[in-house]
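Novice: Structure for this input, please:
(one chain, ligands or ions: 2)
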Amino acid sequence: MPHEPPEGQSDSQRDSRQGNPWGSPWRYVASAPNLAALPPEGPVEIAFAGRSNVGKSSLINALTRQKDLARTSKTPGRTQALNFFVPDKPGDSGEEPLIALVDMPGYGFAKAPKDKVEDWTKLIHDYLKGRATLRRVFLLIDARHGLKAADLTVMKELDTAAVTYQIVLTKADKPKPGELARLIEATAEAIRKRPAAFPEILATSSFKDSGLDAVRTTAAALIDWQGGRDLLDTAP
Ligand SMILES: Nc1nc2c(ncn2[C@@H]2O[C@H](COP(=O)(O)OP(=O)(O)O)[C@@H](O)[C@H]2O)c(=O)[nH]1
Ligand SMILES: [Mg+2]
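Specialist: Ligands and ions are numbered 1, 2, ... in the order given. Okay, the predicted model is just below:
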């Protein structure tokens with residue numbers, strides 16, 4: 001949700017404090033295959049969660065306009081870890097980043113060994129429930145398929161942990177417009193009574209560059225300015 005900067009702070013001052021994190025390139029900071037390897041809590045974190053192949057890494061690349069920032073399924077590598085990205089501000093090296101994007105391992109991965117799947121699932125769930133600086137989870141849902149059982153499990157946990165999540169439909173270039181509209185409606189109805197679900201559903205296509213500005217604006221609005229966290233709490 002867009003909101004005003006604190007009084008007395010100009011746009012340029014705000015940009016220089018990364019109030020608009022999309023104006024500069026982003027860089028990879030850390031990859032955590034387990035909780036012990038997480039970077040220290042600091043920046044506001046926005047996690048990209050969803051089933052394997054839903055388009056998490058592609059969306060991060062599209063949002064940052066950096067096609068190789070997060071790896072996509074064509075180049076498997078850091079896929080089974082939590083990967084952290086922050087705005088890169090060359091010349092401002094003393095400044096702490098205010099925001100981090102977190103590319104998560106996919107859940108609902110069928111082809112891997114069972115004990116591996118259990119490890120990744122535990123990592124995902126522990127991170128989502130226990131990270132104080134996690135500000136919002138973008139829960140990515142394939143616009144062709146809608147909510148699946150594994151998504152509902154994660155939603156239930158986020159409801160219990162009171163971590164706000166927002167549905168972001170991916171691959172919106174695939175369904176016909178009428179089908180997409182129906183899916184958005186059905187999904188909105190499915191989340192209506194869920195306590196931690198943010199009501200607005202965003203539809204995106206990383207391939208067609210559509211819906212990306214809405215995601216960027218939403219993410220930027222979640223950055224805290226000078227401890228203004230409570231003021232910005234947009235959870236329903
Ligand atoms: N049609 C379409 N395919 C996409 C889009 N975004 C990602 N994909 C494809 O979906 C697959 C999985 O993408 P990836 O970003 O690796 O998913 P992840 O496992 O959730 O990180 C890849 O083959 C992508 O090319 C999109 O916006 N439209
Ligand atoms: Mg990925």
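
Novice: give me every residue that touches the nearest residue to residue 150 once chain neighbours are set aside.
Specialist: In space, and not counting its chain neighbours, residue 150 is closest to residue 108: 3.9 Å by C-beta to C-beta, 6 or more residues apart in numbering. From N, CA and C alone the C-beta is placed, and that goes for glycine too. Counting by C-beta atoms under 8 Å, 6 or more residues apart in numbering, residue 108 touches 51, 52, 148, 150.

Novice: restrict those residues to those near ligand 1?
Specialist: Among these, the residues that sit close to ligand 1 (C-beta under 6 Å from any ligand atom) are residue 52.

Novice: Find the nearest non-adjacent residue to the residue of the chain found nearest ligand 2, please.
Specialist: Residue of the chain nearest ligand 2, by C-beta to the ion: residue 57 (3.3 Å). Of all residues not flanking residue 57 in the chain, residue 70 sits nearest, at 3.8 Å (C-beta to C-beta, 6+ apart).

Novice: Pull the number of nearby residues for the one you found.
Specialist: 25 (other C-beta atoms under 10 Å).

Novice: follow-up on the earlier one: can you tell me how far the residue nearest to residue 150 is from residue 146?
Specialist: Taking C-beta to C-beta, to the nearest Å as the measure, residue 108 falls 14 Å from residue 146.

Novice: What is the end-to-end distance of stretch 185-203?
Specialist: 12 Å (C-alpha to C-alpha, to the nearest Å).

Novice: try stretch 21-36
Specialist: 28 Å.

Novice: cool, stretch 65-83 as well?
Specialist: 17 Å.

Novice: Can you name the residues that contact residue 50?
Specialist: Contacts of residue 50 by C-beta under 8 Å, 6+ apart are 56, 104, 106, 107, 139, 140, 141, 151, 170.

Novice: how about 7 Å then?
Specialist: 56, 106, 139, 140, 141 (C-beta atoms under 7 Å, 6 or more residues apart in numbering).

Novice: touching ligand 2 at all, the lengthiest helix in the chain?
Specialist: Taking DSSP state H as the criterion, the chain has its longest helix at helix 114-130. No - against ligand 2, helix 114-130 shows no contacts by C-beta under 5 Å from the ion, the least distance being 12.1 Å.
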